[in-house]
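K.L.:
Need a 3D model of the following:
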Amino acid sequence: MRYWLVCLGLLVWASLIVSKLFWLQIARHKEFVEKAQKQQEHTFEVAPRRGVLYDRNLRELAMTVQADSVFAVPSEIDDKKATVHALAQIVHSPEDSWTAEDQILERVNASRGFAWIARRLSPEATAKVKALNLKGIYFQKEFQRFYPDSEIAAQVLGYVGVDDNGLGGMEQKFDSRLHGEPGRMYAAMDARRHVMGSTEHEPEPGDNLVLTIDENIQFIAEKALDAAMQRTRAANGTVVVQDVHTGQILALAIRPTFDPNDFRHTTPALLRDHAVSDVYEPGSTFKLATYASALDLGIVKPDDMIDCQGGAITFNGRTIHDDKSDHYGVITIHEALEHSSDVAAVKLALRMGPDRFYQYIRNFGFGSRSGVELPGETRGLLRPPPKWGSTSIGSIAIGQEIAVTPIQLVSMVSTIANGGVFLPPHVLLTSQDKNGRIASQQNTQLAAFPFHAGEELPDPLPAGAHRVISTMTAAQMRKMMEGVVLYGTGKQAQLNGYSSGGKTGTAQKIDPATHTYSKTMHFASFAGIAPVNSPVIAVAVVLDDPKGGGVSYYGGAASAPVFTQVAQDTLEYLGVPHDVEIHAPHAPAKNLTAQDEEPMQEHTGDVNALIAAVNDLPADDPLRQAVNSARTPATPVKAPLSASSKDNDKKPADTTESATATTTASTPNARPVIPPQPEIVAVSLPTGKTVKVPSLIGMPVRQVVEQAAMAGLNLQVEGRGLVRSQQPEAGAQVPPGTQIVVHCAR
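P.N.:
Next up is the predicted model:
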């Protein structure tokens, strides 16, 4: 009996042990394994190497380098407060609160196994931390984004935050592709929390992307814009350079800018890409679309006559005036564009009718996103004809009651330059070109795409491309644009050795304090092409509120010289053959007379209608989001929209307020007339000397301009064709800077 009792006791004892083992090793196996891992291992996420952003010639614009980060194992630190104090003296910078001593101590006290001290230190700071030889302090290699050209194309590239997330520009737009797949590092620790070893799961690097940007052309554009900002003291500026035969953006310069390597000093305002996120009423530059549409419909031809009615037209109870000093009667269509007659533009729009005119505007790309691969693009403001007022067609014809972006503007000019086909703009090269070369792929299998001046459109056309105007219409418009540069307000857009064409524009801004058109704040713009007969590039220049340095705020004086510098240097860099004679080393005289100056517009647009157009935008449009986030009274919206006016070097006429995205609704308000402010262009030559007047008889206008410039003489041209007479006569000795008057006839 005793034997069986002992056996029973052993059986019960064994059953309890087996049950306990079953409970620990099988039923709760997963739970205890996880606890063991937490005690014995620490898992670190290993960031992948972010993809490289290249320019079209495979120059690195954004790359990834390695940097040391410091972390602590708090359980190993004997005196946490003293350790943290010593570290903070090295790693903390005033603008970075995350590395402040109290913040580091809070992280160290909150964990036993792991706490970040500082991320991505400089080599100097790393060396100082290592020299302390502190217990419980370790180093981890991490990737750090580096921009070798600092501020070059900053708004296009964006920057990367401390957690390797793209913020702004291409870094944000293609963050998922650039980021890659993170890896894992497993560190084994003993009972005393000492690291015994580690294993890694390798991360997968992100894709490398090739941009359409040419680093050299980008530098040219930014250099010219910097000079303009210093010269005009503008609030901000935008320059866009586009390949007219592919739609690719060769340069996109924004000022003011920032250094993406020092992102802690970056603000949302500096990140803003004005080329795609801001809109303004284009004013006179939009007349290119009006004239092109009328020519393409066969309503008029460049040499047809049009009656400007002495500078005033009344329809549906509203009168639109040319400038008070302009009283043109019957002139040709091309002369109407050169003189920028509002009356002529309104007449052309009325002949087209709202539906046909609207369709051409849409075909030029206005009122819709261009598709450029940049975040924050707005559609701009363009209402359909059913929402137009009785006089809206006249306002839109002269660039009012419509708001556009610089990208839309340069694309419209490119359409005229390439023979009439709209090509969607791009800043990212496609995966393959027609020869099958790789433009965007993971790792380093990349091919450069150096820009070469082309003369033909892609075949087949890319997605989104479509014909807007005929080849003949485009050719006629190019010649008319050249006339603006030769005879009108675009004289300061003349190039040396290259023909050029374009259109100037000036637009008044809304004063956010008064919600009325400002008497002192303007947008000055110029949109042009070069060379005229075989265009290679289109350039749009927009300066926000040029207001100093003795420079006129009009587009012809403020923005046209920027076009000249960018186009001249870009064409020379690309090796484009000259199509006209080269001037002497000093620039030609580009004096503007009263006839050359573009008259100021009256603001006749419907204020409330354009404001309402913002609310008609889709909910995802950034312009609408900006407006909805600024619904408090007297709060300006970040996306500036201007009132437009014709570019002029004379005087503003009475204006009436129109809508903007920078303000809430306002009441039309008349402006007083400002006295004339003609531009004076002087030739700097030694005083006390005389120069001999050259013989200009029989020469074409372009050659006359060159000869006068080489002689140091100003020039006034009357008529067209070859020079038939001149005053003073050839051989006369006159002081430098004397104005020579030549009379031309065909």
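
K.L.:
Poorly predicted segments of the stretch 351-500 of the chain, please.
P.N.:
Within the stretch 351-500 of the chain, the segments meeting pLDDT under 70 span 430-446.

K.L.:
how about 90 then?
P.N.:
Scanning the stretch 351-500 of the chain for pLDDT under 90 picks out 376, 389-391, 399-401, 429-456, 458-459, 488-490.

K.L.:
And the strands in it?
P.N.:
For the stretch 351-500 of the chain, strands defined by DSSP state E, counting those that start in this stretch occupy the ranges 421-422, 440-442, 466-467.

K.L.:
middle-most residue in the chain, spatially?
P.N.:
A275 (3.1 Å; Cα atoms, centre = their mean).

K.L.:
any idea how far the spatially closest residue to that residue that is not a sequence neighbour is from V485?
P.N.:
Closest residue to A275 apart from its sequence neighbours, by Cβ to Cβ, 6 or more residues apart in numbering: P406 at 4.6 Å. Every C-beta, even on glycine, is put in place using the N, C-alpha and C of the backbone. Going from P406 to V485 by Cβ to Cβ, to the nearest Å gives 20 Å.

K.L.:
What's the local residue count around the nearest residue in space to A88 that is not next to it in sequence?
P.N.:
Distance criterion Cβ to Cβ, 6+ apart; nearest residue to A88, sequence neighbours excluded, is E101 at 3.7 Å. The tally of other residues near E101 (other Cβ atoms under 10 Å) stands at 16.

K.L.:
ok but V542 is inside a strand, no?
P.N.:
Yes: secondary structure of V542 (DSSP: H, G, I helix; E, B strand; the rest coil): part of a strand.

K.L.:
ok, what's across the strand from it?
P.N.:
T238, S525 (DSSP bridges).

K.L.:
how many other residues sit next to it?
P.N.:
V542 is flanked by 32 other residues according to other Cβ under 10 Å.

K.L.:
dump the residue contacts of it.
P.N.:
For V542, the contacting residues are 237-238, 274, 280, 406, 409, 523-525, 559, by Cβ atoms under 8 Å, 6 or more residues apart in numbering.

K.L.:
Counting neighbours, which of those residues comes out on top?
P.N.:
In those, the most neighbours by other Cβ under 10 Å go to S559, 36 neighbours.

K.L.:
Quick check, the residue nearest to A88 in contact with A86.
P.N.:
No: E101 is beyond contact range of A86, at 9.8 Å (criterion: Cβ atoms under 8 Å).

K.L.:
Show me what counts as buried in the longest helix that the chain contains.
P.N.:
As assigned by DSSP state H, the longest helix anywhere in the chain is helix 2-22. Using 16 or more other Cβ atoms under 10 Å as the burial criterion, none of the residues of helix 2-22 qualify.

K.L.:
now stretch 470-477
P.N.:
Of the residues in stretch 470-477, 473-477 count as buried by neighbour count, 16+ other Cβ under 10 Å.

K.L.:
just stretch 569-576 next, same as before
P.N.:
Quick answer for stretch 569-576 (16+ other Cβ under 10 Å): 569-571, 574, 576.

K.L.:
which ones are touching T738?
P.N.:
Contacts of T738 by Cβ under 8 Å, 6+ apart are 691, 693, 713-714, 728.

K.L.:
can you list those in CSV and add distance to P74?
P.N.:
Converted to CSV, the contacts of T738 look like this (distance: Cβ to Cβ, whole Å):
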residue, distance to P74
V691, 84
V693, 88
L713, 82
N714, 79
P728, 91
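
K.L.:
can you give me the helices in the stretch 401-550 of the chain?
P.N.:
Taking DSSP state H, counting those that start in this stretch as the criterion, the stretch 401-550 of the chain carries its helices at 406-417, 471-487.

K.L.:
got a pLDDT number for V330?
P.N.:
Confidence at V330, expressed as pLDDT, is 92.

K.L.:
residues contacting it?
P.N.:
Per Cβ under 8 Å, 6+ apart, neighbours of V330: 305-308.

K.L.:
same thing but at 6 Å, please
P.N.:
With contact taken as Cβ atoms under 6 Å, 6 or more residues apart in numbering, V330 is in contact with 305, 307.

K.L.:
Bridged to it, which residues?
P.N.:
Counting by DSSP bridges, V330 forms beta bridges with D307.

K.L.:
For P302, see how far away it is.
P.N.:
15 Å.

K.L.:
Kindly report the same for V691.
P.N.:
V691 sits at a distance of 37 Å from P302 (criterion: Cβ to Cβ).

K.L.:
rewinding a little: looking at the helices of the stretch 401-550 of the chain, which is closest to K20?
P.N.:
Closest to K20 of the helices of the stretch 401-550 of the chain is helix 406-417 (Cβ to Cβ; 73.2 Å).

K.L.:
so the closest one versus helix 471-487, what angle?
P.N.:
110 degrees (axes from the mean of the first three to the mean of the last three Cα atoms, to 10 degrees).

K.L.:
then helix 406-417 to PDB, C-alphas only?
P.N.:
Extracted as PDB, the C-alpha positions of helix 406-417 are listed here (Å, rounded to 0.1, in the frame of the first residue of the first chain):
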ATOM      1  CA  PRO A 406       4.400  81.500 -64.900                       C
ATOM      2  CA  ILE A 407       4.500  77.900 -66.100                       C
ATOM      3  CA  GLN A 408       1.200  78.300 -68.000                       C
ATOM      4  CA  LEU A 409       2.600  81.600 -69.500                       C
ATOM      5  CA  VAL A 410       5.900  80.000 -70.700                       C
ATOM      6  CA  SER A 411       4.000  77.000 -72.100                       C
ATOM      7  CA  MET A 412       1.700  79.400 -74.100                       C
ATOM      8  CA  VAL A 413       4.800  81.100 -75.600                       C
ATOM      9  CA  SER A 414       6.400  77.800 -76.400                       C
ATOM     10  CA  THR A 415       3.300  76.700 -78.300                       C
ATOM     11  CA  ILE A 416       3.700  79.700 -80.600                       C
ATOM     12  CA  ALA A 417       7.400  79.100 -80.900                       C
END
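
K.L.:
Check which helices and strands that helix sits against.
P.N.:
Judged by 3 or more Cβ pairs under 6 Å, 6 or more residues apart in numbering; DSSP states H and E, helix 406-417 is in contact with strand 236-243, helix 274-277, strand 516-530, strand 537-544.

K.L.:
and with 7 Å instead?
P.N.:
strand 236-243, helix 274-277, helix 287-296, strand 421-422, helix 471-487, strand 516-530, strand 537-544 (3 or more Cβ pairs under 7 Å, 6 or more residues apart in numbering; DSSP states H and E).

K.L.:
hey, least reliable of the ones you listed by pLDDT?
P.N.:
Of all those, mean pLDDT reaches its minimum on strand 516-530 (a mean of 83).

K.L.:
ok, back up a step: what would the helices and strands packed on helix 406-417 look like in TSV with distance to D149?
P.N.:
What follows is the helices and strands packed on helix 406-417, written out as TSV (distance: least, Cβ to Cβ, whole Å):
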stretch	distance to D149
strand 236-243	17
helix 274-277	19
helix 287-296	34
strand 421-422	32
helix 471-487	33
strand 516-530	26
strand 537-544	21
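
K.L.:
Can you say which of the ones you listed is packed in most?
P.N.:
Among those, strand 537-544 has the highest mean neighbour count (mean count of other Cβ atoms under 10 Å), at a mean of 30.

K.L.:
how far out from the middle of the chain is it?
P.N.:
Counting by Cα atoms, centre = their mean, to the nearest Å, strand 537-544 is centred 9 Å from the centre of its parent chain.

K.L.:
And for stretch 56-70?
P.N.:
23 Å.
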